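> need a structure here:
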Amino acid sequence: MKNRTNVAAALLLASIVIGCEDQGDPVTPPTTPTTTEVKFSTDIVPLLTSKGCIGCHGGSGGLTVTSVASLLTGGNNGPAIVPGKADSSNIVLKLRTPPPFGQRMPQGGPYLNTAEIKKFEDWINAGAKNN
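Numbering: from 1, shown residues only. Just a heads-up that it's a prediction; the model follows:
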């Protein structure tokens, strides 16, 4: 009987040890923020159009905003965009308050909201691609 008790105790102890074995943390895939690429043709041009930018800066005088090339060329105050550097890009600076020169754009408002300005920043910081 003593052997049976020892065997039963050993089995009980083994099942406890196995059951308590470190199973580790469940595998969870790392979460990465989903970022959608901002595109000039589908994200920036519609903002420039809907906010009236192209009406004033569409080919006459100073700055033209109708193409990436014209934004890179800029106007009287230098390039409108500096690829990779939204905080140094005149177009972003003019959308914020207070602008470093002249009036905030679009002149007289309505001004772009934070999410709209962020699209410009994201596009420029990603290299201001002509996409």
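
> Please enumerate the helices of this structure.
Along the chain, the segments classed as helices by DSSP state H run 2-20, 45-50, 53-56, 68-73, 90-95, 114-125.

> least reliable of the ones you listed going by mean pLDDT?
Least confident of these, judged by mean pLDDT, is helix 2-20 with a mean of 50.

> any idea how far Lys85 is from Asn125?
Per Cβ to Cβ, to the nearest Å, Asn125 is found 7 Å from Lys85. In short, each C-beta sits where N, CA and C put it, glycine included.

> So which of those two has more stuff around it?
For Asn125 versus Lys85, the count of surrounding residues by other Cβ atoms under 10 Å is larger for Asn125: 17 against 13.

> which residue sits closest to that one in space, ignoring its chain neighbours?
Ala86 (5.0 Å; Cβ to Cβ, 6 or more residues apart in numbering).

> And for Ile124?
Residue nearest to Ile124 in three dimensions, not counting chain neighbours: Ala86, with 4.1 Å by Cβ to Cβ, 6+ apart.

> check contacts around that neighbour.
When contacts are counted by Cβ atoms under 8 Å, 6 or more residues apart in numbering, Ala86 touches Val92, Phe120, Glu121, Asp122, Ile124, Asn125.

> Isn't the third one up against Val92?
Yes: using Cβ atoms under 8 Å as the test, Glu121 is close enough to Val92 to be in contact (5.9 Å).

> neighbour-wise, which of the two wins?
The neighbour count for Glu121 versus Val92, taken as other Cβ under 10 Å, is higher for Val92 (23 against 19).

> isn't the more buried one right next to Phe120, touching?
Yes: between Val92 and Phe120 there is a contact under Cβ under 8 Å: 5.5 Å.

> so what's Val37 up against?
Wrong residue type there; residue 37 is Glu, not Val. Ala126, Asn131.

> Can you list phi and psi of it for me?
Per-residue torsions, Glu37: phi -70, psi 130 (degrees, to the nearest 10).
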